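Participant: 3D, please:
(one chain, ligands or ions: 2)
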Amino acid sequence: MAPKYLTGDKAGIDAFVDQFDVFLFDCDGVLWSGEHKFPGTAETIDMLRSKGKQLVFVTNNSTKSRADYKKKFDGMGISASEDEVFGSSYSAAIYISRILKLQAPKNKVYILGETGMEQELDSEGVPHIGGTDPALRRDVQPEDFERIAKGEDLDENVAVVLTGLDYHMNYLKTALGQAYLRRGAKFLATNIDSTLPSAGSLFPGAGSMSAPLVKASGQEPLALGKPSQAMMDAIEGKFKFDRKKACMVGDRLNTDIQFGIEGGLGGTLCVLTGVSKKEEFLAEGASVVPTAYVDKLGDLLG
Ligand SMILES: O=C(O)[C@H](O)[C@H](O)COP(=O)(O)O
Ligand SMILES: [Mg+2]
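Facilitator: Ligands and ions are numbered 1, 2, ... in the order given. Okay, here's the model as predicted:
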């Protein structure tokens with residue numbers, strides 16, 4: 001069925017919103033682009049809360065923990081509690097701690113990513129190395145090759161290589177990741193988004209950080225962010241809602257909208273301020289089509 005264009009359609013917006021009790025909100029490209037908050041975002045969140053809607057913020061951005069996101073929401077003047085945030089780092093940490101159930105001491109995670117991943121693994125009591133370790137933010141040296149090949153710089157208790165959005169990629173960190181995979185570590189990713197919407201443009205996304213290891217190892221990571229249904233199951237388990245009364249709001253077809261459709265949610269709303277363009281889902285035979293779409297989130301104010 002053709003998606004409904006809601007921008008400027010006050011009656012259509014009211015009818016759409018009234019169908020749902022829960023709104024799962026993507027963040028990058030919907031609420032903001034980097035540090036730029038889209039107009040009407042805070043007011044729209046307030047409007048939905050005034051209608052008694054339950055809100056969950058579901059981001060694939062693994063650089064920040066739930067606590068970090070609470071600070072960002074506060075800084076942006078958007079009402080949100082830490083407990084309403086469910087990011088890909090938290091999704092990965094839950095999967096590793098509660099599903100993989102690795103046995104100590106061989107339960108350590110080698111991180112290619114930022115502090116959000118470290119904090120969320122800490123919250124689940126999962127030991128980790130790599131990540132923001134300053135000792136790894138250097139050029140590879142000739143002696144590194146011998147040492148890594150002999151396993152001298154490797155931690156024998158690493159059981160998982162976890163990749164995410166990493167603003168500090170380098171050859172040394174990637175070489176260590178490959179060495180752990182060659183030793184049988186599981187290959188996981190918080191998410192594999194190809195691009196990061198920021199400052200109104202597109203930058204290399206988390207998938208650009210796992211790509212070198214995919215090429216070098218010949219393995220594909222299990223991604224625990226959208227559209228993974230392991231993430232949807234964990235969210236439903238925590239927030240306990242009727243999927244048919246829930247709507248996923250996102251800017252990216254192959255993560256957010258696919259996540260909502262495959263999760264059997266009551267509806268999906270695509271917002272055109274991020275990655276995907278309407279031409280993609282309006283095209284004949286489009287594989288991922290939202291229920292409705294708006295130019296920007298603030299259009300829901302009518
Ligand atoms: O590359 C990434 O990690 C993603 O582009 C980005 O962070 C997505 O965040 P979201 O739109 O899910 O909030
Ligand atoms: Mg997004």
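
Participant: what residues does the stretch 1-150 of the chain put near ligand 1?
Facilitator: Within the stretch 1-150 of the chain, the positions near ligand 1 by CB under 6 Å from any ligand atom are Asp26, Cys27, Asp28, Gly29, Thr59, Asn60, Asn61. (C-beta placed from N, C-alpha, C; glycine too.)

Participant: Relative to Ser201, how far out is whichever residue of the stretch 201-302 of the chain sits closest to ligand 2?
Facilitator: Scanning the stretch 201-302 of the chain for the residue nearest ligand 2 gives Asp251, at 4.3 Å (criterion: CB to the ion). Using CB to CB, to the nearest Å, we find Asp251 at a distance of 14 Å from Ser201.

Participant: Those two: which has the busier surroundings?
Facilitator: Set side by side, Asp251 and Ser201 show more neighbours around Asp251, with 23 against 10, by other CB atoms under 10 Å.

Participant: and the spatially closest residue to that one that is not a sequence neighbour, how many residues sit next to it?
Facilitator: Distances taken as CB to CB, 6 or more residues apart in numbering put Gly274 closest to Asp251, at 2.5 Å, once the chain neighbours are dropped. Gly274 has 26 neighbouring residues, counting by other CB under 10 Å.

Participant: Gly274 against Leu253, yeah?
Facilitator: No: counting by CB atoms under 8 Å, Leu253 is not a contact partner of Gly274; they are 10.3 Å apart.

Participant: so who does the residue of the chain found nearest ligand 1 touch?
Facilitator: As assessed by CB to the nearest ligand atom, ligand 1 sits closest to Gly205 within the chain, at 2.7 Å. Neighbouring residues of Gly205 by CB atoms under 8 Å, 6 or more residues apart in numbering: Leu165, Asn191, Ile192, Asp193, Ser194, Thr195, Leu196.

Participant: show me the residues around the first one that make contact.
Facilitator: Taking CB under 8 Å, 6+ apart, we find Leu165 in contact with Asn61, Ser62, Thr63, Gly113, Glu114, Thr190, Asn191, Leu196, Gly205, Ala206, Met209.
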